[in-house]
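In: have a look at this prediction, sequence included:
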Amino acid sequence: MIVSAATASAAVILGPAGERVRIRCLARRSMLTSACESFDHLRLSPGAHHVLPGRADAETVLHVLRGAATVGQRTDEPDHLASDGDLLLAPRGRTLHLEAGPLGAELLCLTLAVSRHTAVTRASLARRRAERRHARHNRP
């Protein structure tokens, strides 16, 4: 396993009002198992915004290390306030909009590849569970 401890490898994104998002890649696909796309360390300055684009073949896990962040997925869903110790799971294809709280936020972001076969199997299992629930509720 390759571990990155160098601060020089971090990317810093500056927002229009001077807010900062610092991203440091801790590992990429070839460093871990084939299911892990990336493992990133994010530091958002107070009020900073950052977008994690969703992909149809990947799921995202966010762990809040310090601070608080508002996490939004879609305009028709309420935003979630995540703080120290919270773990958020985003399904395939979901774009996440992060906004740091007044003290900033520090997060770990794990992106996992989901094969088409796995996605189809999950959808099939969910459909069968829903059909069984429906059949149980509609018994005479």
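Out: Yes, it's here.

In: list the buried residues in the helix or strand harbouring residue 70.
Out: If you go by DSSP states H and E, residue 70 is part of strand 58-72. Residues of strand 58-72 classed as buried by neighbour count (16 or more other CB atoms under 10 Å): 58, 59, 60, 62, 64, 67, 68, 69, 71. C-beta coordinates here come from the backbone N, C-alpha and C atoms, glycine included.

In: direction included, what does it pair against?
Out: Its sheet considered, strand 58-72 pairs with strand 80-83 (antiparallel), strand 87-90 (antiparallel), strand 96-113 (antiparallel) by DSSP bridges.

In: Throw these into JSON lines and include mean neighbour count and mean pLDDT, thanks.
Out: Compiled in JSON lines, the strands paired with strand 58-72 are given as follows (neighbours: other CB atoms under 10 Å; pLDDT from 0 to 100):
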{"stretch": "strand 80-83", "mean neighbour count": "15", "mean pLDDT": "88"}
{"stretch": "strand 87-90", "mean neighbour count": "14", "mean pLDDT": "86"}
{"stretch": "strand 96-113", "mean neighbour count": "19", "mean pLDDT": "90"}
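
In: export the ones you listed to CSV and tack on distance to residue 130?
Out: Below are those laid out as CSV (distance: least, CB to CB, whole Å):
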stretch, distance to residue 130
strand 80-83, 25
strand 87-90, 20
strand 96-113, 24
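
In: what mean pLDDT does the host helix or strand of residue 134 have?
Out: Applying DSSP H and E as the criterion places residue 134 in helix 116-137. Throughout helix 116-137, pLDDT has a mean value of 71.

In: thinking residue 45 is in contact with residue 20, fair?
Out: Yes: using CB atoms under 8 Å, residue 45 is in contact with residue 20, at 4.2 Å.
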